[in-house]
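> I need the structure of the sequence given here:
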Amino acid sequence: LFSLLGSDSPFLRSGNEALDEVIDRYGHHPLAVYARLVKGLNAEREFKELTPGNRLRIRPPDLKQGIEHLTAVARDASIDNITLNLAMRRLARAEARQGDLARANAVMDKMVATFEAKGVNPIVMGQIRRQAELTKSALSAEVS
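Residues are numbered from 1 along each chain as shown. The predicted structure follows:
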């Protein structure tokens, strides 16, 4: 599940149950953020499954659950910068898909401010600003 960044595959059901248990029973532990990350990324996107009868089954994104988990990840100061960047961009995408483009843009603005406050290298900071602007543009076009 960590390698795939989540999955609804029935073959990974016990892994998903374990992630749910980590979140439910040990949610305050610093490593629970990674269970939330995997659950949030998976919930935020659709899942496609090819059934034995060669029928395609599509589970639409669960944006509410994705936003809930990814918001918790974005607030966690213990995660590395690359993971934080990914989580915040996907959180913005979920907010936009839920119809709140203003909130999505605010997440991108917060991402830039968060990395500025961390004193990230100026070259890297330029890349983060570009990512935020590209994400805003893409989400705006996607919602329109």
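> Strands along the chain, start to end?
Applying DSSP state E to the chain gives strands spanning 47-50, 56-59.
> looking at those strands, which is buried most?
Mean neighbour count, computed with mean count of other C-beta atoms under 10 Å, is highest for strand 47-50 among these, reaching a mean of 12. For glycine as for every other residue, the C-beta is placed from the backbone atoms N, C-alpha and C.
> ok, the helix or strand of the chain with the lowest mean pLDDT: who's next to it in the sheet?
Within the chain, no helix or strand scores below strand 47-50, which has a mean of 92 by mean pLDDT, DSSP states H and E. Strand 47-50 sits in its sheet next to strand 56-59 (antiparallel), going by DSSP bridges.
> Can I get the partner strand as CSV, trimmed to CA atoms?
What follows is strand 56-59, C-alpha atoms only, in CSV (Å, rounded to 0.1, in the frame of the first residue of the first chain):
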residue,chain,number,x,y,z
LEU,A,56,-14.7,-2.5,-15.4
ARG,A,57,-15.9,-1.3,-11.9
ILE,A,58,-15.0,2.3,-11.0
ARG,A,59,-15.0,3.6,-7.4
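> State the mean pLDDT of that strand.
On average, the pLDDT along strand 56-59 is 95.
> Repeat that for stretch 115-135.
Mean predicted lDDT for stretch 115-135 stands at 97.
> Centre of the chain to that stretch, how far?
18 Å (C-alpha atoms, centre = their mean, to the nearest Å).
> Same check on stretch 81-98?
Using C-alpha atoms, centre = their mean, the offset of stretch 81-98 from its chain centre is 5 Å.
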